[in-house]
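**Q** Return atomic coordinates for the entry below.
(2 chains)
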2 protein chains.
Amino acid sequence: MFQKSFKSLSLICALVSFNSFSQVQKPPLNIVDMGSFHIGGRLVEVSGKPVKEVVFSPGSAPAKIDPNGRYLVEQMYVQYFTPKTLKSKLPILLWHGGGLTGVTYETTPDGREGWEHYFIRHGWKTYVSDAVERGRSGWAPPDIWPSEPQYLTVENPWGRFRIGTGLWGEDESKFKQFEGGLFPASSYLNFMRQVVPRWTSTDEATLAAYIQLIDKVCPCVVLVHSQGGQFGQKAAQARPDKVKALVLVEPAGFGDPQKADALKNTPFLEIYGDNIDQDSRWPSIRKTQLDLNKKYLQAGASVDVINLPDLGIKGNSHMMMMDTNNDQIAGIIDDWLSKKKLKSQ
Amino acid sequence: MFQKSFKSLSLICALVSFNSFSQVQKPPLNIVDMGSFHIGGRLVEVSGKPVKEVVFSPGSAPAKIDPNGRYLVEQMYVQYFTPKTLKSKLPILLWHGGGLTGVTYETTPDGREGWEHYFIRHGWKTYVSDAVERGRSGWAPPDIWPSEPQYLTVENPWGRFRIGTGLWGEDESKFKQFEGGLFPASSYLNFMRQVVPRWTSTDEATLAAYIQLIDKVCPCVVLVHSQGGQFGQKAAQARPDKVKALVLVEPAGFGDPQKADALKNTPFLEIYGDNIDQDSRWPSIRKTQLDLNKKYLQAGASVDVINLPDLGIKGNSHMMMMDTNNDQIAGIIDDWLSKKKLKSQ
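**A** Take a look at the predicted model:
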């Protein structure tokens, strides 16, 4: 399969060199419309708790807050941007990974334009969302979900997101960026500012909200990252007529193998960065997707897998949409979508 | 003071009628730049807790998560938009109220353009932020802040935000919108989808982040709503040279009376909606600000107070940036800023 992918990517390789990262001032964005909405959610009931008096702002009159009643939970926040010149009839939906929000695709931690900018500039109506329980989607009161939120230390993602070795800290002898690594490591703390708490028990609710989003704004292209791999593949399996292509950026969550047939007409692009082989988790995570790919291929799907180092593109971390060559990687995706006739050049 | 305000607002009143709400298709937004960043925050240490194995996505390899370590907390998310034609040298910063995020100023719950759109369309570089612990700013692990988060039932804000009487619910005999009320009540649940949990013990951290934002992007105009009244006034008191005007939309939090002198050169506009007198809390909340205004006036500040019903504009709720005449209210603010020579027409 890898060999097959390489052949079909020769055109892309040729284009890559023209797409290389540059710091020059970019032309105006030219956004003609933007907006946001929340979708989905359900009402849940809380009862038997005492009424509280809460002073919400110092000096303000106390308000009686009765925690009993109903709460709206599991809705999802979505923001969209329309460029002046559309080059695709389809919008592209950018879904983030675990512990993060839609900010993943916005300005990079070191202040460069992100993939949201890239796809807007390249003629896509672009939707960026915060998954259920993340960011502007809000989260549920205690006892609604069966687990506690997880928090990420500043030390942890340095290794887990394959930026480098060791645990990040002030002592620079204890951690090191991979040689040639492209994550903007001096802005690592700006990246950590983007990290938000997450639950591990909300997958069904998250998937339900994504499917509602697809029903509202698709047909479309869905691009997912990491944990989003699960939601992208399962939502496409639920709405195969509406998801016209799936771009999986280092998927760490997966589709339902029993429903591989649903995606027989879905073109896939899967992209992996560098330094996977020496990682303790990533070889296994990638293998799970590659094994699932066999089922998609058996069903008749088109699956292109790109291991960036095999194309000579080295140093990409798990957060390749923030790496210094992020435009180059987005260009590979955009070119692949053109090749699949989902947009004009 | 009210009388004084009325005189100085005669021009505004004359303009109001030309600014009235309309459903016609608007011209393209023409945004030439946008971006986002997180500002501020501090590292906190957690120790003595057991290491956990967490499967973050079903089918994915378990990750060892050591909760001990350092966390980055109290940062703030900010998004900005630059229109093609700037009509002010200053940007405008829109700060939301309690239980909410920057979404307050985005598309209204019934799908119309919000104040963010209005100010972009009227030539302002516009910054919208999520206060510390809200939305995309994330929140701290347990034991960092001394209180629990508060959650709002769907029943509660109906009355507290002066949309109408009673408690919202399916039984329509139990709640009623104020006669002539302008909140888009049939989209009330879409508004509730925007509500997020909040703490009541994070004011200092929130203020610190707002001051850092001012230091980064001002001189500017700061427009605040409700709980934001505290942060707007206190941040301006800390940086009186950088906040060139303060717009307080139904402030429910207040400046420091001891530091009134700091704002002697700051023009204030304060706007209140309808149905305040029969409310259990709003007369007291408004009185606190009006009493503080006396100190600002004594210091030499310019303070304009608008009670919208006194101008013949009736039916506005606490969420006037979402009410059906939201463009009209934004127009009053924009005209006032022109009158203060902070923008060109």
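**Q** show me where the stretch 151-300 of chain A has strands.
**A** Applying DSSP state E, counting those that start in this stretch to the stretch 151-300 of chain A gives strands spanning A:164-166, A:175-177, A:220-225, A:243-249, A:267-272.
**Q** can you put these in JSON lines and add distance to B:Tyr71 and mean neighbour count?
**A** Glycine gets a C-beta too; all of them are placed from N, C-alpha and C. Converted to JSON lines, the strands of the stretch 151-300 of chain A look like this (distance: least, C-beta to C-beta, whole Å; neighbours: other C-beta atoms under 10 Å in any protein chain shown):
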{"stretch": "strand A:164-166", "distance to B:Tyr71": "18", "mean neighbour count": "16"}
{"stretch": "strand A:175-177", "distance to B:Tyr71": "17", "mean neighbour count": "17"}
{"stretch": "strand A:220-225", "distance to B:Tyr71": "23", "mean neighbour count": "26"}
{"stretch": "strand A:243-249", "distance to B:Tyr71": "26", "mean neighbour count": "24"}
{"stretch": "strand A:267-272", "distance to B:Tyr71": "29", "mean neighbour count": "22"}
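**Q** how about low-confidence regions in the stretch 151-300 of chain A?
**A** Counting by pLDDT under 70, not a single residue of the stretch 151-300 of chain A qualifies.
**Q** Any residues of it in contact with chain B? List them.
**A** When proximity is defined as C-beta under 8 Å from any C-beta of the partner chain, the stretch 151-300 of chain A approaches chain B at A:151-156, A:160, A:167, A:169, A:189-190, A:192-198, A:200, A:203, A:226-227, A:229-230, A:252-254, A:281, A:284-285, A:288.
**Q** Please, a ChimeraX command that selects the buried ones among those residues?
**A** Buried subset of these, written as a ChimeraX selection, criterion 16 or more other C-beta atoms under 10 Å in any protein chain shown:
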select /A:151,152,153,154,155,156,160,190,192,193,194,195,196,197,198,200,203,226,227,229,230,252,253,254,281,285,288
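**Q** before we move on, the earlier item: let me have the strands of the stretch 151-300 of chain A in a markdown table, extended by distance to A:Glu53.
**A** Rendered in a markdown table, the data for the strands of the stretch 151-300 of chain A read as follows (distance: least, C-beta to C-beta, whole Å):
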| stretch | distance to A:Glu53 |
| --- | --- |
| strand A:164-166 | 49 |
| strand A:175-177 | 48 |
| strand A:220-225 | 44 |
| strand A:243-249 | 48 |
| strand A:267-272 | 53 |
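**Q** if we can go back for a sec, mind checking which of the residues of the stretch 151-300 of chain A next to chain B land in helices?
**A** A:Arg160, A:Leu189, A:Asn190, A:Met192, A:Arg193, A:Gln194, A:Asp203, A:Gly229, A:Gln230, A:Ser284, A:Ile285, A:Thr288 (DSSP state H).
**Q** Which member of these is positioned nearest A:Gly135?
**A** Relative to A:Gly135, the closest of those is A:Gln194; by C-beta to C-beta it sits at 9.4 Å.
**Q** and the nearest residue to A:Phe161 once chain neighbours are set aside, what is it in contact with?
**A** The shortest distance from A:Phe161 to any non-neighbouring residue, by C-beta to C-beta, 6 or more residues apart in numbering or on different chains, is to A:His318 (4.0 Å). A:His318 makes contact with A:Arg160, A:Phe161, A:Arg162, A:Ile163, A:Ser226, A:Glu250, A:Gly273, A:Trp282, according to C-beta atoms under 8 Å, 6 or more residues apart in numbering or on different chains.
**Q** and stretch A:327-340, what's its mean pLDDT?
**A** For stretch A:327-340, mean pLDDT rounds to 98.
**Q** you'd agree A:Val195 is up against A:Leu152?
**A** Yes: between A:Val195 and A:Leu152 there is a contact under C-beta atoms under 8 Å: 5.1 Å.
**Q** Find the residues that touch each one of those two.
**A** Common neighbours of A:Val195 and A:Leu152 (criterion: C-beta under 8 Å, 6+ apart): A:Gly99.
**Q** And the helices in chain A, which stretches?
**A** With helices called from DSSP H, chain A shows them at A:2-8, A:10-16, A:115-121, A:157-160, A:188-194, A:203-217, A:228-238, A:282-299, A:326-339.
**Q** how about A:Val128, what does it touch?
**A** Here A:Val128 is in contact with A:Val78, A:Gln79, A:Tyr80, A:Leu94, A:Gly102, A:Tyr105, A:Glu106, A:Glu116 (C-beta under 8 Å, 6+ apart).
**Q** quick revisit: so which of the strands of the stretch 151-300 of chain A is nearest B:Val305?
**A** Nearest of those (C-beta to C-beta): strand A:220-225, 48.3 Å.
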